[in-house]
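Student: What shape does this take:
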Amino acid sequence: MCGIAGILNLDGSPVNPGLLLPMTDAIAHRGPDGQGQWAEGPVGLGHRRLAILDLSEAGCQPMSTSHGRYTITYNGEVYNFRELRRELENLGHKFHSHTDT
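Tutor: Now for the predicted structure:
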């Protein structure tokens, strides 16, 4: 099962990205297949990956939308992601991986 970590600076100060690596290193046993960090402004996200659905680099998290407006990291599985994906593709959305994220 993947592991996630995060920082939210309530005072609005920017996150020090260097703080995310020790956090994700501490949960490396949760995700031996990779790790990633993302920080913007007062928010920082860290992820340790257990690759199951999409083993390519495209499935790495944190994952951002193509325009960069939204970024996500999570631990879990969306069981009906194939149906949701088809519905969203029919609405014009583009996907860059084959994972459930």
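Student: if I look at the nearest residue in space to residue 51 that is not next to it in sequence, how far off is residue 26?
Tutor: Nearest non-adjacent residue to residue 51, counting by CB to CB, 6 or more residues apart in numbering: residue 33, 4.1 Å away. The C-beta positions use only the backbone N, C-alpha and C, and glycine is treated the same way. Residue 33 sits 17 Å away from residue 26 when distances are taken as CB to CB, to the nearest Å.
Student: Report how many residues lie close to the residue nearest to residue 51.
Tutor: By other CB atoms under 10 Å, 13 other residues sit near residue 33.
Student: any chance you could read off phi and psi for it?
Tutor: Per-residue torsions, residue 33: phi -90, psi 0 (degrees, to the nearest 10).
Student: before we move on, what about residue 84?
Tutor: Note on residue 84: its backbone torsions stand at phi -60, psi -40 [degrees, to the nearest 10].
Student: and if you look at residue 6?
Tutor: Dihedral pair for residue 6: phi -160, psi 160, per degrees, to the nearest 10.
Student: Tell me the bridge partners for it.
Tutor: Beta bridges link residue 6 to residue 45, judged by DSSP bridges.
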